[in-house]
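J.: here is my input; please provide its structure:
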Amino acid sequence: MISRSLSLVIFAGLGVSAQAMEPLSDAELSDVQGAGLGFVLDQVMLDGSGAQIVINDITDGQGRNVPISVKNLYLGAAGSNKGSNLSPVTIGSLDHPFELELAKGEELRSLRDDGQWVQTTPNNITVLSFKFPERLVAGGNPCIDGYAAAGSNCSTSASGRADLGVRFDFQVAAGRTEMLALDFHQLVMDGSYLRLWGDPGQNGNGELVGEARINIFAKTLEVMSCAQANCNTAGETAAQRGARTLYITNGYANIALGYGKSQPLRLRSSADGQFVLELQNPTAGGTTAAQRQALASDFYANAARTNLVFENLTVGGTRSSPTAIPTGGYNFGRNEISGLSFNYLKVSSYDLR
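T.: Numbering: from 1, shown residues only. The predicted structure is shown next:
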């Protein structure tokens, strides 16, 4: 159930400073033309401990239903102890809200890792843009409390960090269910965005393309899996649950998918009904060596990179507090992948056999 109603503070305007923004009534909002929307999740709290959502009509190769149950979904202020002690949290602010707008490609900018704002979308297109609270060049807040390596340019303050968790039960075969549970502590997603537009496509049939930046900053993340739906029972000890848990402490991911100028993310379905995500070679649009070199130079200079950093990665063991590095288990220490770019990537779904 949702234990508290979700309140949105919505505002719109062009050329209006953040200090002058005020919530708009429905009548005032209906008079705004082409300005887009900014909104704040004000005092939101989700408690799904007694609810279950079942996703059906996902079939395997023999046409059998493979249901997915979504359980224990929660969202609240940091310090909830995995959703057991929830309180409301306000995500975003009038200075740095969520934004939904239609914009020209030449008007949009992306923040490069070196702190420079660059244009990544093509000119003369209309883009549907959804943006989280932004990352700043200066004057921001720590993206992860007490961990300077994650940066201090997040607009979200300490009070805006959230705890988020969910459990998935996958019925992979008759009598066999596997479970996956995720618990984020002090989650921040500043600077994330999704941009979508239409493209003529290689065959002139038209397709949906876009680019996305998914930023995830978390003080801790715990991932627990089990081969049976009832494995997380009250009779289990902390050590038994910990043995099936992967712990990340002070972790963040900057995942970049697509560079609109020369390598947009292509989204389509195949002839047999599977979805396909594809990033083509960024130089594929060049017809001469000089053009391909120019495309490559622009891509490597300005395309966002993917970074995955886990200050501490531990498998098994237990935490003495919500933010402590686990004891016991196997400690892999610090793990990092930085500056990753995709020259080519294709992801497709397949039927379960």
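
J.: gap between the two ends of stretch 136-155?
T.: Distance between the two ends of stretch 136-155: 7 Å, counting by C-alpha to C-alpha, to the nearest Å.

J.: quick one: distance of the lengthiest helix in the chain to the chain centre.
T.: Under DSSP state H, the helix in the chain containing the largest number of residues is helix 289-302. The gap between where helix 289-302 is centred and where its chain is centred comes out at 29 Å by C-alpha atoms, centre = their mean, to the nearest Å.

J.: next one: stretch 169-184
T.: Average the C-alpha atoms of stretch 169-184, do the same for its chain, and the two points are 22 Å apart (C-alpha atoms, centre = their mean).

J.: distance between the ends of that stretch?
T.: Stretch 169-184 end-to-end distance (C-alpha to C-alpha) = 18 Å.

J.: ditto for stretch 71-88
T.: Distance between the two ends of stretch 71-88: 20 Å, counting by C-alpha to C-alpha.

J.: before we move on, what about stretch 280-295?
T.: Start-to-end span of stretch 280-295 (C-alpha to C-alpha) is 13 Å.

J.: quick check: buried residues in that stretch?
T.: Within stretch 280-295, the residues that qualify as buried by neighbour count (16 or more other C-beta atoms under 10 Å) are Q280, N281, P282, T283, G286, R292, L295. Backbone N, C-alpha and C define where each C-beta goes, glycine included.

J.: what's the answer for stretch 302-319, then?
T.: 302-307, 309-319.

J.: so what's S157 scoring on pLDDT?
T.: You'll see S157 listed with a pLDDT of 95.

J.: against L277, how distant is the nearest residue to it once chain neighbours are set aside?
T.: Using C-beta to C-beta, 6 or more residues apart in numbering and skipping the chain neighbours, the partner closest in space to S157 is N141 (5.3 Å). With distances defined as C-beta to C-beta, to the nearest Å, the gap from N141 to L277 amounts to 33 Å.

J.: look at those two and report which has more neighbours.
T.: When N141 is set against L277 and neighbours are counted by other C-beta atoms under 10 Å, the residue ahead is N141, at 18 against 15.

J.: the more buried one reaches T156, doesn't it?
T.: Yes: using C-beta atoms under 8 Å, N141 makes contact with T156 at a distance of 6.4 Å.

J.: got the confidence number for D31?
T.: In this prediction, D31 carries a pLDDT score of 68.

J.: same check, this time on S5
T.: Per-residue confidence at S5 stands at 36 (pLDDT).

J.: where does the stretch 101-250 of the chain dip in pLDDT?
T.: Counting by pLDDT under 70, the stretch 101-250 of the chain has low-confidence residues at 201-205, 227-236.

J.: any chance you could map the strands in the stretch 251-353 of the chain?
T.: 265-269, 275-279, 306-315, 330-340, 345-348 (DSSP state E, counting those that start in this stretch).

J.: distance between whichever strand in the chain runs longest and the chain's centre?
T.: The single longest strand within the chain, with elements called by DSSP state E, is strand 207-226. Relative to its chain's centre, strand 207-226 lies at 4 Å (C-alpha atoms, centre = their mean).

J.: quick one: low-confidence ranges for the stretch 251-353 of the chain?
T.: 352-353.

J.: again, only using 80
T.: Counting by pLDDT under 80, the stretch 251-353 of the chain contains low-confidence ranges at 270-273, 350-353.

J.: need the contact list for I55.
T.: When contacts are counted by C-beta atoms under 8 Å, 6 or more residues apart in numbering, I55 is found next to P67, I68, S69, V70.

J.: next step: these restricted to helices.
T.: Under the assignment DSSP H, the contacts of I55 contribute nothing to helices.

J.: got TSV for those residues, with distance to V127, neighbour count and pLDDT too?
T.: As requested, these are arranged in TSV below (distance: C-beta to C-beta, whole Å; neighbours: other C-beta atoms under 10 Å; pLDDT from 0 to 100):
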residue	distance to V127	neighbour count	pLDDT
P67	36	13	83
I68	32	15	85
S69	36	16	88
V70	31	15	91
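
J.: and the buried residues of stretch 280-295, which of them are in helices?
T.: R292, L295.

J.: nice, that's everything, thank you.
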